[in-house]
Structures are given as C-alpha cells and as structure tokens.
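S.K.: Let's see this in three dimensions:
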Amino acid sequence: MNIYVLMKRTFDTEEKISISGGKINEDGAEFIINPYDEYAIEEAIQVRDANGGEVTVISVGNEEAEKQLRTALAMGADKAVLVNTEDDLEFGDQFTTAKILAEYLKDKDADLILGGNVAIDGGSGQVGPRVAELLNIPYVTTITKLEIDGNKVTVTRDVEGDSEVIETSLPLLVTAQQGLNEPRYPSLPGIMKAKKKPLDELELDDLDLEEDDVEAKTKTIEIYLPAQKEAGKVLSGELSDQVKELVQLLHSEAKVV
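M.R.: A predicted model of the protein is given here:
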C-alpha cells in the first residue's frame, strides 16, 4: 500500500511565544511535529504494518523541518520529502501548501493520504480537504477509527461529541483526530535507522511550479498576543450574599446581565 502523511512543523504552544516586528519571534522558540500529525504518522505506520507497503512523510517549509521529518522516520516511516520554499516564497497560506502538496502527489498513485485534523498554530483544518479536492479523491475529516479491508474502508469520525461511521473506498484522504491512536516515541534503534533513511529535498522548480502558481489567497494583517487576563475574584460570606454580589458584578463590571 502506498501511504503518504502530510506533516507540519509547528511552534510548541506549551512554550512561551513572543511577537517581534509583527511576526512570531522564532529565536529561542521550540518547534515540534504538529501533534495532530503525530496521530496521522502513527496510523500510517500501523496501516503499513497490517497491509504492507511503505509510508512517506512530506512537509512544506524551510530546511529546519528536516529535524521533524527525521523524527517521523525514527517513529517508523520509510521515507521523507521536504519541499523547501524558503528561497521561493515570502508568504504562503493554506492554498499555497495544498497546491504544492497536491502537485507532488498527483502522479504518486497514493492509496491512502493522512494528515492532522488541524495545525495547532493556525487551526484552519483546510490543507487536507484542499489536497483531496485538487487530487479529486474522497476525504473524511476528524477520524477516530480507520478500518481497511481490501479496497473498502470504514471510518469513524468525531462529530461534536458524537460519532459517525462512513464507508468509502481507496484512494482516500483522512485527517486524524485525538483518540485515533497513541503515537509512539522514537526508540534509540529507530533514531539510528532514521539517519540512513532517504530524505529528499525539492524546490518549486522540481514540481514545475512558479511562484505565481502558489501565490497566497489570504493576507495576514496583524499578529498579536491575546490580552493578559485579569485576576479573578473570590467571593466570601453567606451563599445568599455571594449570589447577590455575583449578580451585581456581572451587571456592573462584566456587563453581561
């Protein structure tokens, strides 16, 4: 089975993030594999182990993403591909990324493509569905279970606290939701093997793409940190007095009643 995983290098949102010159300051920031993409990588490895074939992880970005691609290889992926846009693009958006990925994948005869449901730094959830549309293949988002029987696929997806079961067929693109699996940690032997696994680097020219072909459809006007939260208040006294004070505060300060 020919399996591809769409992977993004993201900021670790559990670490402190600062803004400098209207941009996120990368100096000292920690970068990781987008956590939802880790579910996709793990699922791809499990599907390969059960059905045969190989797993290729692909990312779009700068050469710094090689570290995260090597981590995916250490987890158990077979190959990795980086489309390096650092010298070609000043700014890209979800359209840009999807266009590049689809152009790479269009002649790869992929049976299954997996990606994360969303990226934690943007949260749009657009790239996977856009790639599927460009490739003209079916897709299912926010999946929590994947079963493959020959060409038949049964997918369980999360729908706002409930679940939905869908039957479809290969080729297929799915995006992974938390709960699909438990991503493995790279083992020491896996890390050593990853150093010898192929990691190809491409540029837009290699995909016969021009900068105009992948020009962003959106523009970022401003980036800013959320306002610092004010300290909360602890009410004391009798319960009836607390209720009265709470109502008064909601009216006079919060202005919600």
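
S.K.: For the protein, list the residue farthest from the centre, please.
M.R.: What lies farthest from the middle of the chain is Glu238; by CA atoms, centre = their mean that is 49.3 Å.

S.K.: got any ranges where the stretch 1-150 of the chain has weak pLDDT?
M.R.: Along the stretch 1-150 of the chain, the parts satisfying pLDDT under 70 run over 21-22.

S.K.: ranges for the helices of it?
M.R.: 35-51, 66-75, 94-105, 127-135 (DSSP state H, counting those that start in this stretch).

S.K.: Can you lay out these as TSV showing distance to Leu250 and mean neighbour count?
M.R.: Yep, even glycine has a C-beta here, placed from its N, CA and C like the rest. TSV is the format used below for the helices of the stretch 1-150 of the chain (distance: least, CB to CB, whole Å; neighbours: other CB atoms under 10 Å):
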stretch	distance to Leu250	mean neighbour count
helix 35-51	36	21
helix 66-75	46	22
helix 94-105	39	21
helix 127-135	41	21
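
S.K.: how about those, which one is nearest Ala227?
M.R.: helix 35-51 (25.7 Å; CB to CB).

S.K.: what does the closest one contact?
M.R.: 1, 3-8, 33, 54-55, 57, 72, 75-78, 112, 114-120, 146, 148, 175-178, 180-184 (CB atoms under 8 Å, 6 or more residues apart in numbering).

S.K.: repeat for stretch 54-61
M.R.: By CB under 8 Å, 6+ apart, stretch 54-61 touches 2-9, 41, 44-45, 48, 65, 68-69, 72-73, 76-86, 92, 96-97, 100-101, 104-105.

S.K.: quick one: Ile33 from Met75, how far?
M.R.: 9 Å (CB to CB, to the nearest Å).

S.K.: Over to Ile223?
M.R.: For Ile223 relative to Met75 (CB to CB), the value is 31 Å.

S.K.: Equivalent analysis for Glu103, please.
M.R.: Distance from Glu103 to Met75, by CB to CB: 26 Å.

S.K.: Asn136 now?
M.R.: Distance from Asn136 to Met75, by CB to CB: 30 Å.

S.K.: Ok, Leu209 next?
M.R.: Counting by CB to CB - Leu209 and Met75 are separated by 29 Å.

S.K.: for Thr168, same thing?
M.R.: Distance from Thr168 to Met75, by CB to CB: 26 Å.
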